[in-house]
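>>> pasted the sequence and its predicted model underneath.
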Amino acid sequence: MQNYDLVLKNAFLVDYRNDFEGLTDIAVLDGKIAALSSNINADAALECLDLNGATVFPGLVDMHIHASEWLGGRFLRARKRRNRRR
């Protein structure tokens, strides 16, 4: 029987709101965490992914940034050229 849309096995969950950090299985239903357990049956979901210890931060959306341009890419080089001309 499928109770969940997705089960994430072996996730390293970092959930500071609920004061939890550690390895767990995560069941997702309708886009929200429905259950946490040390062993959720993979057959309980339409899809199951083994995260092999990958970190999960619930509530954070698209937390990557493209900072290389600001931290040393073309913008830094252009600023250095402008500063040399002064």
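Great, that's in hand.
>>> distance of Thr55 from Leu29?
In this view, Thr55 and Leu29 are 22 Å apart by Cβ to Cβ, to the nearest Å. Where C-beta positions appear, they are placed from N, C-alpha and C, glycine not excepted.
>>> repeat for Phe20
Taking Cβ to Cβ as the measure, Phe20 falls 19 Å from Leu29.
>>> near Phe12, how many other residues are there?
Neighbour count of Phe12, defined by other Cβ atoms under 10 Å: 15.
>>> could you find the closest non-adjacent residue to it?
Thr55 (4.8 Å; Cβ to Cβ, 6 or more residues apart in numbering).
>>> which one of Thr55 and Leu29 has more residues nearby?
Leu29 (13 against 10).
>>> check contacts around the nearest residue to the more buried one once chain neighbours are set aside.
Residue nearest to Leu29 in three dimensions, not counting chain neighbours: Tyr4, with 5.0 Å by Cβ to Cβ, 6+ apart. Each residue near Tyr4 by Cβ atoms under 8 Å, 6 or more residues apart in numbering is listed here: Ala27, Val28, Leu29, Ala34, Ala35, Ile40, Ala44, Ala45, Leu46.
>>> can you name the two of those residues that sit furthest apart?
Across these, the longest distance by Cβ to Cβ is 14.7 Å; it joins Ala35 and Leu46.
>>> name the residue in those two with the higher neighbour count.
Per other Cβ under 10 Å, whichever of Ala35 and Leu46 has more neighbours is Ala35, with 15 against 10.
>>> name the residues that touch the helix or strand where Ala27 lies?
Per DSSP states H and E, Ala27 falls inside strand 20-29. Residues outside strand 20-29 that contact it (Cβ under 8 Å, 6+ apart) are 3-15, 33-40, 44-45, 53, 56.
>>> please spell out the ChimeraX selection for the buried subset of those.
Selection of buried members from the contacts of strand 20-29 for ChimeraX, criterion 16 or more other Cβ atoms under 10 Å:
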select :4,7,8,9,11,13,15,33,34,36,40,44,45
